[in-house]
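Participant: Generate coordinates for the sequence data below:
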Amino acid sequence: MSLGFFEAIRAAAARVVANARFVRIDDTAVAALTDELSHMPAADPDFDPGHHRVGDDDATLAFVFTLNAINFGSGWFPFLSKRSGLSGYMTVATNLKQHFLRAGPWNADGLQALTAADCAAVLEQDLAVAEVAELMALYATAWNDLGRFVARRYDGRFSRVVESAAGSAAVLAEALGDILFYRDVARYAGFEVPFYKRAQITAADLAVAFEQRGYGAFDDLDQLTIFADNLVPHVLRCKGVLVYEAELARCIDAEELLIPGSPEEVEIRASALHAVERCVAGLAAADIRMTAQQVDYLMWTHGQSPEMKATPRHRARSTYY
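Facilitator: Predicted coordinates for the structure are as follows:
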């Protein structure tokens, strides 16, 4: 990227919005949301297991990296066996946390040896369900690839992954992008559109888990974009910020899967990212400092509410979210 890491993500999203055919941003709704945000405290949710310490520093590092390696699968989540009252992500994160508390973390070699059956056992899933078996196989690949990445480049130590970033979330995210399932870059109208959702959220989770000290100290956290997935766009659609073309809206409302990397799917993610950037700029113009990451947390938290869960969000079987 000739631009800086985060600047390139923002610039590509703006370029998608300028060329979009299936998604538009409603200016009036952006202004209304900006005003709404101006009256909300910027706070991180405290219920995400990815934000919690799990044992000592090394165990917590291993947990954050191991969890974020499989922080995808929303397109398969309707088929998961979920814990009572928990979403697909929260089920996966909670089950993984319980495993870490019982058995401790896997090291790099252990991650490389895991199978789909191991994933199903740890995450309490049934491989007899075809869609679940498919996701568990992807999770096994994700953990195998993470293990190889840490073993070959960082002498098997998660601490060295963070230390090599030298306090930069951008450097950490870009390094993680060398792992296939982290390489969250789409093609749209002949140009690349980077999102790096899970790579960015890894740095954010480390910052919360370590209270922005030690392994959680990054000097560019305020530059993170939203973590472009399918929940924040859904909240923005419900608030009227994102308006979908009729056939795309019908498809989503009918719970039909979108194709990962399709123009429609890229436009949804990019438009959500750009809309939040517009809100952040509007807040800044009113001398209110709120980062895109903080807006993401507020929207993501709101997305856990029953009214937001009552209507379908877009789903795509993607390894990026």
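
Participant: where does the chain dip in pLDDT?
Facilitator: 1-3, 43-47, 50 (pLDDT under 70).

Participant: same thing but 80
Facilitator: When residues are selected by pLDDT under 80, those of the chain lie in 1-3, 42-52.

Participant: ranges for the strands of it?
Facilitator: Secondary structure of the chain (DSSP state E): strands at 23-25, 185-188, 191-194, 242-244.

Participant: right, so of those strands, which gets closest to residue 236?
Facilitator: For the strands of the chain, the distance to residue 236 is smallest for strand 242-244, at 4.6 Å, taking Cβ to Cβ. (C-beta placed from N, C-alpha, C; glycine too.)

Participant: tell me what the closest one is packed against?
Facilitator: Helices and strands touching strand 242-244, by 3 or more Cβ pairs under 8 Å, 6 or more residues apart in numbering; DSSP states H and E, are strand 23-25, helix 231-238, helix 263-285.

Participant: Could you give the number of residues near residue 109?
Facilitator: Neighbour count for residue 109, taken as other Cβ atoms under 10 Å: 12.

Participant: related to what we said a few turns ago, got the strands of the chain as CSV, with mean neighbour count and distance to residue 127 columns?
Facilitator: Listed next are the strands of the chain as CSV, based on neighbours: other Cβ atoms under 10 Å; distance: least, Cβ to Cβ, whole Å:
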stretch, mean neighbour count, distance to residue 127
strand 23-25, 19, 36
strand 185-188, 17, 30
strand 191-194, 17, 34
strand 242-244, 20, 35
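
Participant: okay, those in JSON lines with distance to residue 257 next?
Facilitator: Shown next, in JSON lines, are the strands of the chain (distance: least, Cβ to Cβ, whole Å):
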{"stretch": "strand 23-25", "distance to residue 257": "17"}
{"stretch": "strand 185-188", "distance to residue 257": "16"}
{"stretch": "strand 191-194", "distance to residue 257": "20"}
{"stretch": "strand 242-244", "distance to residue 257": "15"}
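
Participant: Could you work out which of these reaches nearest to residue 107?
Facilitator: Using Cβ to Cβ, the strands of the chain put strand 185-188 closest to residue 107, at 29.4 Å.

Participant: what's near enough to touch residue 198?
Facilitator: 68-69, 71-72, 176, 181-182, 184, 227, 320-321 (Cβ atoms under 8 Å, 6 or more residues apart in numbering).

Participant: just checking, which of those residues belong to helices?
Facilitator: Using DSSP state H, the members of the contacts of residue 198 that fall in helices are 68-69, 176.

Participant: rewinding a little: from the contacts of residue 198, pick the one nearest residue 204.
Facilitator: The closest of the contacts of residue 198, once distances to residue 204 are taken by Cβ to Cβ, is residue 227, at 7.5 Å.

Participant: I'd assumed residue 197 was in contact with the closest one.
Facilitator: Yes - using Cβ atoms under 8 Å, residue 227 is in contact with residue 197, at 4.8 Å.

Participant: what is in contact with those two at once?
Facilitator: Common neighbours of residue 227 and residue 197 (Cβ under 8 Å, 6+ apart) are residue 321.

Participant: re the thing from before, tell me the buried residues within the ones in helices among the contacts of residue 198.
Facilitator: For those, a neighbour count by 16 or more other Cβ atoms under 10 Å gives the buried set as 68-69, 176.

Participant: check contacts around the nearest residue to residue 105 once chain neighbours are set aside.
Facilitator: Distance criterion Cβ to Cβ, 6 or more residues apart in numbering; nearest residue to residue 105, sequence neighbours excluded, is residue 62 at 3.5 Å. The neighbourhood of residue 62, defined by Cβ under 8 Å, 6+ apart, consists of 100, 105-107, 158.

Participant: do residue 220 as well
Facilitator: 6, 168-170.

Participant: try residue 175
Facilitator: Residue 175 makes contacts with 161, 164-165, as judged by Cβ under 8 Å, 6+ apart.

Participant: ditto for residue 177
Facilitator: Taking Cβ under 8 Å, 6+ apart, we find residue 177 in contact with 183-185, 196, 199.

Participant: where's it relative to residue 186, distance?
Facilitator: The gap separating residue 177 from residue 186 is 13 Å, by Cβ to Cβ, to the nearest Å.

Participant: same check, this time on residue 221
Facilitator: 24 Å.
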